[in-house]
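**Student:** any chance you could fold what I've pasted below:
(chains A and B)
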There are 2 protein chains.
Amino acid sequence: MTVSKKQAFLGTFISSKNPKELNYHHDSLVCVDEEGRIVKVDTKGVKQDQIGDRLLKTLGWELSEVNLHIAKPGEFFFPGFVDSHVHASQYPNVGIFGKTTLLDWLEKYTFPLEASLKDLGKARRVYGSCVRRTLSHGTTTAAYYATIDVAATNLLADLCLELGQRALIGRVCMDVPDICPDYYRDESVEEGLEKTRRTIQHVQKIDPEFKLVSPVLTPRFAPTCSRESMKGLAEIQKELDLPVQTHISENEGECDLVAKLFPESESYTHVYDDCGLLTSRTILAHAIHLSEKEAKLIAQRGSKISHCPCSNSSLTSGSARVRWLWDKGITVGLGTDMSGGYSPSILEAARQAALVSRHVAMGLQEEKERSKLTVEEVLYLATRGGAEVVGLGDRIGGFEEGMEWDAQLIRLGSVDQDGIAAEDGNVSVFGWETWEEKVAKWLFNGDDRNVQSVWVRGRKVHAR
Amino acid sequence: MTVSKKQAFLGTFISSKNPKELNYHHDSLVCVDEEGRIVKVDTKGVKQDQIGDRLLKTLGWELSEVNLHIAKPGEFFFPGFVDSHVHASQYPNVGIFGKTTLLDWLEKYTFPLEASLKDLGKARRVYGSCVRRTLSHGTTTAAYYATIDVAATNLLADLCLELGQRALIGRVCMDVPDICPDYYRDESVEEGLEKTRRTIQHVQKIDPEFKLVSPVLTPRFAPTCSRESMKGLAEIQKELDLPVQTHISENEGECDLVAKLFPESESYTHVYDDCGLLTSRTILAHAIHLSEKEAKLIAQRGSKISHCPCSNSSLTSGSARVRWLWDKGITVGLGTDMSGGYSPSILEAARQAALVSRHVAMGLQEEKERSKLTVEEVLYLATRGGAEVVGLGDRIGGFEEGMEWDAQLIRLGSVDQDGIAAEDGNVSVFGWETWEEKVAKWLFNGDDRNVQSVWVRGRKVHAR
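**Tutor:** The predicted model follows:
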């Protein structure tokens, strides 16, 4: 889980300063200790032949004890992406959704696949491919939904630890007989809570300090969860101070169903709040059809939102209003939401967040321009925003001293004088672009081919 | 331009039967003559050891005189894609559009780049990269806008012929002083028409029968074109029976501008009709904000529409209603519209067409479900729809006898028992998927890595 050697990274570092601005630090040096922690950031123009000198002076490190990583011209380091909402168990279904919307999509495609993962051989195959695939796209942290099955969920935790992806591991809780299928649900409130504890204990055993993987309480969403099971999860949350993840206000039919099932709660958001699940450690996926009042309550509780644009367009769920959520003071990150979303890539989610914000703008009479998200803003969502959503804002998402080295090395393609692409991949740099334009090109045409290397807590977990 | 040998292709062939259905022909044999024409399609279950026998019996061909291409298990042949609206000259700007919309985007990013391509070295680099890039994504036919420059536009025609991409080559006509920048416009109506004829003559010289490349009359869009220049182009259209391409009703500001500039015409569509440009060979890009009456007029004239979803979302232009256009009896294809659209891929355009149709649905009170486009429908737009839009519906877009062999060989990725991807690319086939599901996976996660080979008129023009 840790690297045994000190490391130093030299080159261009790009990261979010704030939602509006990216930092561009060229000829900079970032030093990472054996625990994967960034111990020194030197942005004052470091040349390759000065590295030894700087390391010795600032850290007392001998060059010989340090693994050096030097970015080539045109390459840059970028913080690893955070996928704040993803169903690892649904990975084999990406792209398969037909013309369904949420509720029939669950019945037709999703529950049968999830249920089938109690076969551990199949689970290993599906989870292995999901973790490898998302790592290859630069996702260094993922908030995963697994299935209701304890053994398969624990296997996902094992695989994340083994393959080196930082992850929140959620055993899915769903216990309502009329809504969950007979073949796929917790048999009682008690059984559900007990199974949830078994996954928590497993993660405590394999990573006691939650350095890389941590459990996350995962009531699927209000319609599938009894009030008693949600209250039980809220008690575990308080007892162990764990994160929580669930879905909220994704689809209009779902919202109607929640109103019908929970007539005593004032709103969908109040259902969770009434059960004690609307905490500052709660990740709410989607949040499309919220009322003003609900958004205010979420802001007040400090709960976070995972915006899943690719999924929301695919399943015709609606267009979440990120600017509106931000205006309320709510922290927002991005989720691929596979397989409601078809893409394993948070870069694609950032791209779709830009497009969806334009669809939001098209539906407005005023504040059209303001509601559109910039390149900088969607990349903020993909890194720092997501880091805050999963409760790791102080540890990942940027390149500050004290943070951990979760990073990707990006290489963009170039074209020669005849227009022949020098590298594989769809980003074509002609040479006259500004750095801002290169980043825009990467956002809109980049893919996993541009991701040369990926590190989590200092450990190299993927390379092309 | 032609291949000198007979060819036969064995394997699975998938193509649009109609907008609602794909044909899946397994173990089939398609025979292509030296001119690139499909002369025999045998879908009655052909085994590899039967090929010689079938060729001899049906065509009198000896196996020894035939180049055989046998698809591997899991691979399939698909018709080449048609990009019915793309600005080759803007390729270096893909992804660079900031928060602009059409009119400021033209001023800020587009006109300066286009003007700079009068430098033929730069034009060779830009056009070479655009043609190579789109070929690598399976685009076998493109309706190109070049620039106002004759020599650079003619170079684009030369490059398409050399690299083997079927193309419509448009020299851009724009002559209105107050709207076109001083540094980038035709100096007079006469000069514009004369320059247009020079490109037509060039294409007639290099490909007299327009077998691969053909000229297309290209008034940029009404605001940049004087009524006289549009009428002059309409005369050339009648004289030479050439295709026409232009933009229509992309952006609300543009629509207002057209109403102001052409007060004597009843609508934007009537401007073109009044000038004689609304022909059955006319390709209209975008067509977002059309009135019922305009759509009816377009249907009546038999003009075609190129839907550019990626561009329309990126530039906040709006969401074109494909189902509504189809209901009017209008033929629709897809355009990447680079660099309003960021992607060189028609597969991505098809994906975005599916998403945009869902955004259209979200804005409707009724017919929500109907307005959503299926996998089959967007792949129809990408092939047969586009072929009809560019006036080649009888020659390309399918695998019927008498058509020409414009095709791509698609290979999807697979994952092993540990979830390790066996091939590069983002499509993961686990093995239990139906063919329909495999095609859906390809639509939503496929890219140029899945395009193993590309042929145009029987000539192999790209291979990985």
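
**Student:** now for residue A:414, how many residues are close by?
**Tutor:** 15 (other C-beta atoms under 10 Å in any protein chain shown). Any C-beta I mention is one placed from the backbone N, CA and C, and that applies to glycine too.

**Student:** just the strands in the stretch 101-250 of chain A please.
**Tutor:** A:139-145, A:166-170, A:172-173, A:213-215, A:218-219, A:244-248 (DSSP state E, counting those that start in this stretch).

**Student:** again, but for the stretch 301-450 of chain A
**Tutor:** A:304-307, A:332-334, A:407-411.

**Student:** point out where chain A drops to low pLDDT.
**Tutor:** Scanning chain A for pLDDT under 70 picks out the ranges A:1-3.

**Student:** OK, contacts around residue A:309?
**Tutor:** A:319, A:320, A:334, A:341, A:349, A:352, A:353, A:355, A:356 (C-beta atoms under 8 Å, 6 or more residues apart in numbering or on different chains).

**Student:** those also near chain B: which ones?
**Tutor:** Here is what survives when the contacts of residue A:309 are matched to chain B using C-beta under 8 Å from any C-beta of the partner chain: A:319, A:355.

**Student:** from the contacts of residue A:309, pick the one nearest chain B.
**Tutor:** residue A:355 (4.4 Å; C-beta to the nearest C-beta).

**Student:** would you mind listing the residues in contact with the closest one?
**Tutor:** Per C-beta under 8 Å, 6+ apart, neighbours of residue A:355: A:309, B:313, B:314, B:355.

**Student:** which residues in the stretch 101-250 of chain A form helices?
**Tutor:** A:102-105, A:111-116, A:120-136, A:150-163, A:189-206, A:227-240 (DSSP state H, counting those that start in this stretch).

**Student:** buried residues of the fifth one, list them for me.
**Tutor:** Taking 16 or more other C-beta atoms under 10 Å in any protein chain shown as the neighbour-count basis, helix A:189-206 is seen to contain the buried residues A:189, A:192, A:193, A:195, A:196, A:199, A:200, A:202, A:203.

**Student:** pretty sure the fourth one contacts residue A:151?
**Tutor:** No. Here residue A:195 does not reach residue A:151: they are 10.1 Å apart, not a contact under C-beta atoms under 8 Å.

**Student:** the closest residue to chain B within the stretch 151-300 of chain A: how many residues sit nearby?
**Tutor:** Per C-beta to the nearest C-beta, residue A:159 is where the stretch 151-300 of chain A lies closest to chain B, at 8.5 Å. By other C-beta under 10 Å, the residues close to residue A:159 number 24.

**Student:** now the strands of the stretch 301-450 of chain A in JSON lines, with distance to residue A:23 and mean neighbour count?
**Tutor:** Converted to JSON lines, the strands of the stretch 301-450 of chain A look like this (distance: least, C-beta to C-beta, whole Å; neighbours: other C-beta atoms under 10 Å in any protein chain shown):
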{"stretch": "strand A:304-307", "distance to residue A:23": "23", "mean neighbour count": "31"}
{"stretch": "strand A:332-334", "distance to residue A:23": "19", "mean neighbour count": "30"}
{"stretch": "strand A:407-411", "distance to residue A:23": "14", "mean neighbour count": "24"}
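
**Student:** show me the contacts for the spatially most central residue of chain A.
**Tutor:** Geometric centre of chain A, nearest residue: residue A:83, 1.3 Å, by C-alpha atoms, centre = their mean. In this structure, residue A:83 makes contact with A:134, A:139, A:141, A:142, A:143, A:334, A:335, A:336, A:346, A:349, A:386, judged by C-beta under 8 Å, 6+ apart.

**Student:** one more time with 6 Å
**Tutor:** A:139, A:142, A:335, A:336, A:346 (C-beta atoms under 6 Å, 6 or more residues apart in numbering or on different chains).

**Student:** what helix or strand is it on?
**Tutor:** For residue A:83, the element it lies in under DSSP states H and E is strand A:81-87.

**Student:** and the buried residues of helix A:189-206 as TSV, adding distance to chain B?
**Tutor:** Below are the buried residues of helix A:189-206 laid out as TSV (distance: C-beta to the nearest C-beta, whole Å):
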residue	distance to chain B
A:189	34
A:192	28
A:193	30
A:195	24
A:196	25
A:199	20
A:200	25
A:202	20
A:203	20
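
**Student:** save the residues you listed as JSON lines, and put in distance to residue B:287 too.
**Tutor:** Listed next are these as JSON lines, based on distance: C-beta to C-beta, whole Å:
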{"residue": "A:189", "distance to residue B:287": "56"}
{"residue": "A:192", "distance to residue B:287": "53"}
{"residue": "A:193", "distance to residue B:287": "56"}
{"residue": "A:195", "distance to residue B:287": "55"}
{"residue": "A:196", "distance to residue B:287": "53"}
{"residue": "A:199", "distance to residue B:287": "53"}
{"residue": "A:200", "distance to residue B:287": "56"}
{"residue": "A:202", "distance to residue B:287": "57"}
{"residue": "A:203", "distance to residue B:287": "54"}
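
**Student:** my guess is the residue of the stretch 151-300 of chain A closest to chain B contacts residue A:131. True?
**Tutor:** Yes. The pair residue A:159 / residue A:131 is scored as a contact, 5.5 Å apart, by C-beta atoms under 6 Å.

**Student:** regarding the residue lying closest to residue A:5 once chain neighbours are set aside, what is its secondary structure?
**Tutor:** Nearest non-adjacent residue to residue A:5, counting by C-beta to C-beta, 6 or more residues apart in numbering or on different chains: residue A:67, 5.0 Å away. At residue A:67 the chain is in strand, as set by DSSP: H, G, I helix; E, B strand; the rest coil.

**Student:** one more: the one 5 residues further on?
**Tutor:** In the three-state summary, residue A:72 is assigned as coil, counting by three-state DSSP.

**Student:** residue A:259 now?
**Tutor:** helix.

**Student:** ok, it - how many residues close by?
**Tutor:** There are 14 residues near residue A:259, going by other C-beta under 10 Å.

**Student:** again, but for residue A:179
**Tutor:** Neighbour tally, residue A:179, other C-beta under 10 Å: 18.

**Student:** that one: what's it in contact with?
**Tutor:** Contacts of residue A:179 by C-beta under 6 Å, 6+ apart are A:223, A:224.

**Student:** before we move on, the earlier item: of all the strands of the stretch 101-250 of chain A, which one comes closest to residue B:410?
**Tutor:** For the strands of the stretch 101-250 of chain A, proximity to residue B:410 was assessed by C-beta to C-beta; strand A:139-145 is nearest, at 26.6 Å.

**Student:** spell out which parts of the stretch 301-450 of chain A neighbour chain B.
**Tutor:** Residues of the stretch 301-450 of chain A lying close to chain B (C-beta under 6 Å from any C-beta of the partner chain) are A:313, A:316, A:342, A:355, A:358-359, A:361, A:372, A:415, A:417-419, A:428, A:430, A:437, A:440-441, A:444-445.

**Student:** quick check: closest non-adjacent residue to residue A:70.
**Tutor:** Closest to residue A:70 by C-beta to C-beta, 6+ apart is residue A:10, at 4.7 Å.

**Student:** identify the bridge partners of that neighbour.
**Tutor:** Using DSSP bridges, the beta-bridge partners of residue A:10 come out as residue A:29, residue A:70.

**Student:** the residue nearest to the centre of chain A - nearest residue in space that isn't next to it in sequence?
**Tutor:** Residue A:83's closest residue in space is residue A:142 (C-beta to C-beta, 6+ apart), at 4.4 Å.

**Student:** find the closest residue to chain B in the stretch 351-464 of chain A.
**Tutor:** For the stretch 351-464 of chain A, C-beta to the nearest C-beta, closest residue to chain B: residue A:419, 2.7 Å.

**Student:** count of residues packed around the closest residue to that residue other than its chain neighbours?
**Tutor:** Leaving aside its sequence neighbours, residue A:419 sits nearest to residue B:128 (C-beta to C-beta, 6+ apart; 2.7 Å). Residue B:128: 23 surrounding residues under other C-beta under 10 Å.

**Student:** cool, and residue A:207?
**Tutor:** As a measure of burial, residue A:207 has 20 neighbours, counting by other C-beta under 10 Å.

**Student:** bridging residues for the nearest residue to it once chain neighbours are set aside?
**Tutor:** In this structure, residue A:207 finds its nearest non-sequential neighbour in residue A:213, 4.9 Å apart by C-beta to C-beta, 6+ apart. For residue A:213, the beta-bridge partners under DSSP bridges are residue A:167.
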